[in-house]
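Novice: next one to model:
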Amino acid sequence: LGMAIEKTKLDDEAKRLTIIKERNAIAHELHDSLAQTLASLRFQVSMLDETLDNQKVEEIHSEIQQIKGGLDEAYSELRELLAHFRAPVHRRDLMPALEDLISNFRKKTGMRVLLQKDWDAAQLEPSKELQILRIVQESLANIRKHSEAHTVRVLMRCDDSLSGEVLIEDDGVGLQTPAFSGHPGEHIGLSIMEERARKMGGELKIESEPGEGTRVVLSFSNKQEKNSDQKNQHYALI
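Specialist: All right, here's what the predicted structure looks like:
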């Protein structure tokens, strides 16, 4: 009887820890996607307030259109997050998830996207694959919102030692301010991408000049992650 009680306690504790992990995952994804869109909208509203003071009608109309677009983006991101957390908790391979992401990006933007990959045999830890997918996802979102690009190239490379590189580059207008500076609400996603790279033991570099497009390069090697709990979690790549 004592062993049965102890087993019940252990099962209850395991369930409690699982719930905590799931809540943390939801909070993290909301912070990384919807929160940054809302921060950008907040910045745009501040700009609109200043424009109203100056009574510049054309600029006011432009700001309102941007805010409407941002609200549509926030709604879309929320729907995507809900779909993500309703997905079955099993690991889906990175490449099919990435191909779906790029296909949807093409349909939404009409941009030409070149996907080059030397990855098919590579199998990373699920937590690393999720971080890679989110970095590519955020890079494409930034391209769609800010770049005015015509062509995007995504390069995925991973060798037998599970070390590799992910490159996302575009032929757009480039960053008008340094990548990790600027007004509140601007380039928040870039800082989040850098944090994701650190979590998987990688390094993120962003190269851009006005009028010269932008290159996002993620480099990683097969090192143990600092947070050992991540290795035991299950992820659904959508």
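
Novice: could you list the low-confidence segments of this protein?
Specialist: For the chain, the stretches with pLDDT under 70 are 23-33, 35-36, 80-92, 120, 177-188, 223-238.

Novice: all helices of it, in order?
Specialist: 2-32, 34-54, 57-86, 94-109, 126-142, 188-199 (DSSP state H).

Novice: of these, flag the one that's most buried.
Specialist: Between the helices of the chain, helix 126-142 has the highest mean count of neighbours, a mean of 22, where neighbours are mean count of other Cβ atoms under 10 Å. For the C-beta atoms, the positions are set from N, CA and C on the backbone; glycine is no exception.

Novice: alpha carbons only: can I get that helix in PDB?
Specialist: Output of helix 126-142 as PDB, limited to C-alpha atoms (Å, rounded to 0.1, in the frame of the first residue of the first chain):
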ATOM      1  CA  PRO A 126      13.700  18.200 -31.100                       C
ATOM      2  CA  SER A 127      14.300  21.400 -29.000                       C
ATOM      3  CA  LYS A 128      17.100  22.500 -31.400                       C
ATOM      4  CA  GLU A 129      14.900  21.800 -34.400                       C
ATOM      5  CA  LEU A 130      12.100  23.900 -32.900                       C
ATOM      6  CA  GLN A 131      14.500  26.900 -32.300                       C
ATOM      7  CA  ILE A 132      15.800  26.600 -35.900                       C
ATOM      8  CA  LEU A 133      12.200  26.600 -37.300                       C
ATOM      9  CA  ARG A 134      11.300  29.600 -35.100                       C
ATOM     10  CA  ILE A 135      14.400  31.600 -36.300                       C
ATOM     11  CA  VAL A 136      13.600  31.000 -39.900                       C
ATOM     12  CA  GLN A 137       9.900  31.800 -39.200                       C
ATOM     13  CA  GLU A 138      10.900  35.100 -37.600                       C
ATOM     14  CA  SER A 139      13.300  36.000 -40.400                       C
ATOM     15  CA  LEU A 140      10.700  35.500 -43.000                       C
ATOM     16  CA  ALA A 141       8.200  37.600 -41.000                       C
ATOM     17  CA  ASN A 142      10.700  40.400 -40.900                       C
END
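
Novice: for it, what is the distance to the chain centroid?
Specialist: Mean C-alpha position of helix 126-142 versus that of the full chain (Cα atoms, centre = their mean, to the nearest Å) differs by 5 Å.

Novice: what angle separates it from helix 94-109?
Specialist: Angle, helix 126-142 to helix 94-109, by axes from the mean of the first three to the mean of the last three Cα atoms, to 10 degrees: 10 degrees.

Novice: I'd like to know which of the helices of the chain is closest to Arg157.
Specialist: Of all the helices of the chain, helix 126-142 sits nearest to Arg157, with 11.6 Å by Cβ to Cβ.

Novice: which helices and strands does that closest one pack with?
Specialist: Helix 126-142 sits against helix 94-109, strand 164-170, helix 188-199, strand 214-220, with contacts defined as 3 or more Cβ pairs under 8 Å, 6 or more residues apart in numbering; DSSP states H and E.

Novice: would you turn the helices of the chain into JSON lines with distance to Val152?
Specialist: Formatted as JSON lines, the helices of the chain follow (distance: least, Cβ to Cβ, whole Å):
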{"stretch": "helix 2-32", "distance to Val152": "21"}
{"stretch": "helix 34-54", "distance to Val152": "20"}
{"stretch": "helix 57-86", "distance to Val152": "18"}
{"stretch": "helix 94-109", "distance to Val152": "8"}
{"stretch": "helix 126-142", "distance to Val152": "7"}
{"stretch": "helix 188-199", "distance to Val152": "16"}
